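> no FASTA, just this:
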């Protein structure tokens, strides 16, 4: 058996060995950390470059989105817009002149005017735009249609319709002929009975029932635009006192 002295010496040797190994491990770990630290930190040039990049973005923002797209025409809203008015078409009376006579009772129209209106209504209601041709006349007295874009007035009408057959224009013609008429330029070569009667009134003077009449022909948005100018500027039809269809035109 070992004596007490030998046991004590052995324990001291073991402890010393353990302490030596622990010191070596700590030193190695510290060395490893010292080697890793430079790679974790940016070098001075790299730090300067990073700060320059950050400064380049100072004060910048994302661009503002563009204005909202007006989707009315892209979402199936293909309602026909009236073309510019024929310069020969009747104009609304100026506010300081005598207002046009408004005729709501169609039985009070001169017989030739009444007859032509009835023929136009019948042709438009048929759905066949070609039936208007016989009512247009020829030569110098031929109906003035829109801006005369085509030599054939029927083709001109079709070009302003939302459909290929011109039936939208026929519907518009029916709508405006269903209202009263305004009697313009009495006693002059330009005398005409013009539909709808809104062409002869300042929009600011319309009564609530008259506004309802107008909204059967145009949208509320169209009406708001017209009110900015003060005058009706959608389609209109004119018949001369002798019963000739003078014009079918667009807005002012």
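Good, I have the coordinates. Everything numeric here is computed off the predicted structure, so don't read it as measured data. Numbers count the residues shown, from 1 in each chain.
> can you list the low-confidence ranges for the protein?
1-98, 148, 251-252 (pLDDT under 70).
> that one: strands as residue ranges?
Applying DSSP state E to the chain gives strands spanning 101-103, 144-145, 181-184, 192-195, 236-239, 245-249.
> what's the last one packed up against?
Taking 3 or more CB pairs under 8 Å, 6 or more residues apart in numbering; DSSP states H and E as contact, the helices and strands that strand 245-249 lies on are strand 144-145, strand 236-239. Any C-beta I mention is one placed from the backbone N, CA and C, and that applies to glycine too.
> each with direction, which strands does the shortest one pair with?
Each strand that pairs with strand 144-145, with its direction, by DSSP bridges: strand 245-249 (parallel).
> helices along the protein, start to end?
4-40, 44-56, 111-126, 153-159, 167-177, 208-215, 220-229 (DSSP state H).
> what's the angle between the third one and strand 245-249?
Here helix 111-126 runs at 50 degrees with respect to strand 245-249, directions being taken by axes from the mean of the first three to the mean of the last three CA atoms, to 10 degrees.
> which positions within helix 111-126 qualify as buried?
Going by neighbour count (16 or more other CB atoms under 10 Å), the buried part of helix 111-126 is 113-114, 116-117, 119-120, 123-124.
> which one of the residues you listed is nearest residue 131?
Residue 131 has its nearest neighbour among these in residue 123, at 4.0 Å by CB to CB.
> before we move on, back to that, wait, which of the strands of the chain is closest to residue 221?
Short answer: strand 236-239, nearest of these by CB to CB, at 19.4 Å.
> and the closest one, what other elements does it pack with?
Partner elements for strand 236-239 (3+ CB pairs under 8 Å, 6+ apart): helix 111-126, helix 167-177, strand 192-195, strand 245-249.
> so which of the ones you listed comes closest to residue 227?
helix 167-177 (18.7 Å).
> name the residues that touch the closest one?
80, 117, 120-121, 123-125, 127, 129, 157-158, 160-162, 195-196, 216-217, 234-237, 248 (CB atoms under 8 Å, 6 or more residues apart in numbering).
> what's around the closest residue to residue 112 other than its chain neighbours, how many residues?
Of all residues not flanking residue 112 in the chain, residue 243 sits nearest, at 2.8 Å (CB to CB, 6 or more residues apart in numbering). By other CB atoms under 10 Å, the residues close to residue 243 number 17.
> OK, contacts around residue 243?
110-113, 115-116.
> measure it to residue 168 for me?
26 Å (CB to CB, to the nearest Å).
> among the helices and strands packed on strand 236-239, which is nearest residue 139?
Each of the helices and strands packed on strand 236-239 has some distance to residue 139 by CB to CB; the shortest is strand 245-249, at 13.7 Å.
> what angle do that closest one and helix 167-177 make?
120 degrees.
> buried ones in strand 245-249, by neighbour count?
For strand 245-249, by 16+ other CB under 10 Å, it's 245-249.
> any chance of those in TSV, with distance to residue 185 too?
Converted to TSV, the buried residues of strand 245-249 look like this (distance: CB to CB, whole Å):
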residue	distance to residue 185
245	16
246	11
247	13
248	18
249	15
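> great, nothing more from me.
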